[in-house]
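Novice: sequence? don't have it. structure:
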């Protein structure tokens, strides 16, 4: 505690030291007193607190200056002290000091020179810790700066609008977007730049915002460019309120989405093209399924009738050949039909089917072939696994793969077929493995599931089974893979979606 | 309903098909008399004329779907409201394997069955079984 008896700067009438120190504490203000004549410096207890020195600390005049941060702060206080001493100039400024504990603090120092007989006999002053306030202010300044650079340099359009809808401030983005200069924008109403058909868009939201029921909303609307063209934008509008929630202004963020719109239109166009193509395919399927069948059927009928009415035609050498040709034609039409139907069926009728049950059904359907070929069966399928499928497809898939496995057996080796089902996290893996001829995948893998590809010389091979199987599996949302070694066997693996 | 199918009405725009069906009917001793119309409109007009003249109406109609002027479905609609005084069984005969066509045919109350082309002796037996 200071023991000086000279008048303080607060008031000459106040001599009550306790009272003074109470004031200092409650205002967080310290005082100091430099006596030039005796070259002594006194700090009040609060000033010591700010400097983070002990209560019994006695500041040295020559050392006190070193509390000020080296550089501009120390230089500034030095100059101010000189001016006070030499010409009696008062000072009041802000500095950074480094406390005894090494902490940086923002302080306000006020100095009043004492002047007697044209000589400065001392300086008295006030010392205040303004760290908190200063940092807050600095933060605000940074935020302000951030907002300003965001506003100024943002590629998207940003603007401040009055509560009535007038542009108060626009950034470069908006000027570029709509073709007007900032000057042309100012104090005009946003409606002047809004497409006529979109004038009423967002009215309701504006009211909700002004009545404190909404803070922000996004809307797609068209603006008008200076050149008259319309610009598709997404507007995000935010209302800014003061601490009493009283609306101050709006911040608008406007993004040009014309390019996105163009892209969308392109996709729509492509969709139209492909759905037209799809339509043509369906027409093709229809022609195949109806017209070709009619003609083929007629030929078939005529030939049978002729044969019945004039049995002697068989002796004509052309007749059996024509008969064979017609039979082949009708078989081709039948095949085309199968394919056309699978491509045009509605796929949205999947139901949960028990895979073991369907496996057993398929096996009993081809039981004759199984017995005739002495097939050794090994079935590892859990009775609880269900998959999503269409009954007719699942029947066809299993029967096709099983008959293939038997049809393409190795001569002299009894067919052995393993059927497995495994439920994984995402799918049901269903596999049919045989010990038959095998397929040379290196040569045929790209054509394996194609139409009319026959890999083995077999009297019943018509090159359609795997094509249909693949189509059906894919129609069910599944996939099929094949592993094979010539002379060892083939494994077909199907991934079904499960229920 | 009669006990035999004497007069068979064929409505189809394909002359080869109608020729073949008539042959088939004859060879199988199914019927000797056939009425042939090239489309639904011709058939409807012909049948109405027959009814007005009090001629015998056919015992069964074999109806194609795809025909010019008035197709099979339109014929069925018109037939329904024409008040013929005889209950004539109608069979759709088509080479369409489109499930939609088949379902549409079998759910129509006027239709007795869907016979897939080409017709053969078996189809004739099925028609006979369903009519008699």
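Specialist: Received the coordinates, thanks. No experiment lies behind these values; they were computed from the predicted model shown.
Novice: Okay, helices next: where are they in chain B?
Specialist: Per DSSP state H, chain B carries helices over the ranges B:15-27, B:40-52, B:72-80, B:99-106, B:121-131.
Novice: now the angle from the fourth one to helix B:72-80?
Specialist: When you say that, I think you mean helix B:99-106. Orientation check (axes from the mean of the first three to the mean of the last three C-alpha atoms, to 10 degrees): helix B:99-106 against helix B:72-80 gives 10 degrees.
Novice: which helices and strands sit right next to helix B:99-106?
Specialist: Using 3 or more C-beta pairs under 8 Å, 6 or more residues apart in numbering or on different chains; DSSP states H and E, the elements in contact with helix B:99-106 are strand B:90-94, strand B:111-116. For the C-beta atoms, the positions are set from N, CA and C on the backbone; glycine is no exception.
Novice: mind checking how far the closest residue to chain A within chain B is from residue B:20?
Specialist: Nearest residue of chain B to chain A: residue B:118, at 3.3 Å (C-beta to the nearest C-beta). For residue B:118, the distance to residue B:20 equals 8 Å [C-beta to C-beta, to the nearest Å].
Novice: For these two, list the residues in contact with both.
Specialist: A:298, A:301 (C-beta atoms under 8 Å, 6 or more residues apart in numbering or on different chains).
Novice: before we move on, back to that, any idea which of the helices of chain B has the lowest pLDDT on average?
Specialist: With a mean of 80, helix B:99-106 has the lowest mean pLDDT of the helices of chain B.
Novice: ok, the closest residue to residue B:20 other than its chain neighbours - how many residues close by?
Specialist: Nearest in space to residue B:20, with sequence neighbours left out and distances taken as C-beta to C-beta, 6 or more residues apart in numbering or on different chains, is residue A:301 at 4.1 Å. Applying other C-beta atoms under 10 Å in any protein chain shown, we find 22 residues neighbouring residue A:301.
Novice: Phi, psi for residue A:301 please.
Specialist: Main-chain dihedrals, residue A:301, degrees, to the nearest 10: phi -60, psi -50.
Novice: What of residue A:170?
Specialist: Residue A:170 adopts backbone torsions of phi -130, psi 150, taken as degrees, to the nearest 10.
Novice: Would you mind listing the buried residues in stretch B:55-70?
Specialist: Of the residues in stretch B:55-70, B:57, B:58, B:59, B:60, B:61, B:62, B:63, B:64, B:65, B:66, B:67, B:70 count as buried by neighbour count, 16 or more other C-beta atoms under 10 Å in any protein chain shown.
Novice: Among these, which lie within strands?
Specialist: Applying DSSP state E to those, the entries found in strands are B:60, B:61, B:62, B:63.
Novice: List the beta-bridge partners for the second one.
Specialist: Under the criterion DSSP bridges, residue B:61 forms beta bridges with residue B:9, residue B:90.
Novice: Let's see the pLDDT reported for it.
Specialist: As predicted, residue B:61 sits at a pLDDT of 94.
Novice: returning to that earlier point: contacts only, for the residue nearest to residue B:20.
Specialist: Residues near residue A:301 by C-beta under 8 Å, 6+ apart: B:17, B:20, B:21, B:24, B:118, B:119, B:120.
Novice: sorry, back to before: distance to residue A:202 and mean neighbour count added to the helices of chain B, as CSV?
Specialist: Supplementary listing: the helices of chain B in CSV, determined by distance: least, C-beta to C-beta, whole Å; neighbours: other C-beta atoms under 10 Å in any protein chain shown:
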stretch, distance to residue A:202, mean neighbour count
helix B:15-27, 67, 18
helix B:40-52, 58, 17
helix B:72-80, 52, 18
helix B:99-106, 48, 15
helix B:121-131, 68, 15
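Novice: circling back: including mean neighbour count and mean pLDDT, could the helices and strands packed on helix B:99-106 go into TSV?
Specialist: Shown next, in TSV, are the helices and strands packed on helix B:99-106 (neighbours: other C-beta atoms under 10 Å in any protein chain shown; pLDDT from 0 to 100):
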stretch	mean neighbour count	mean pLDDT
strand B:90-94	24	92
strand B:111-116	18	90
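Novice: count of neighbours near the closest residue to chain B within the stretch 201-350 of chain A?
Specialist: Nearest residue of the stretch 201-350 of chain A to chain B (C-beta to the nearest C-beta) works out as residue A:297 at 3.3 Å. When neighbours are defined as other C-beta under 10 Å, residue A:297 has 23 of them.
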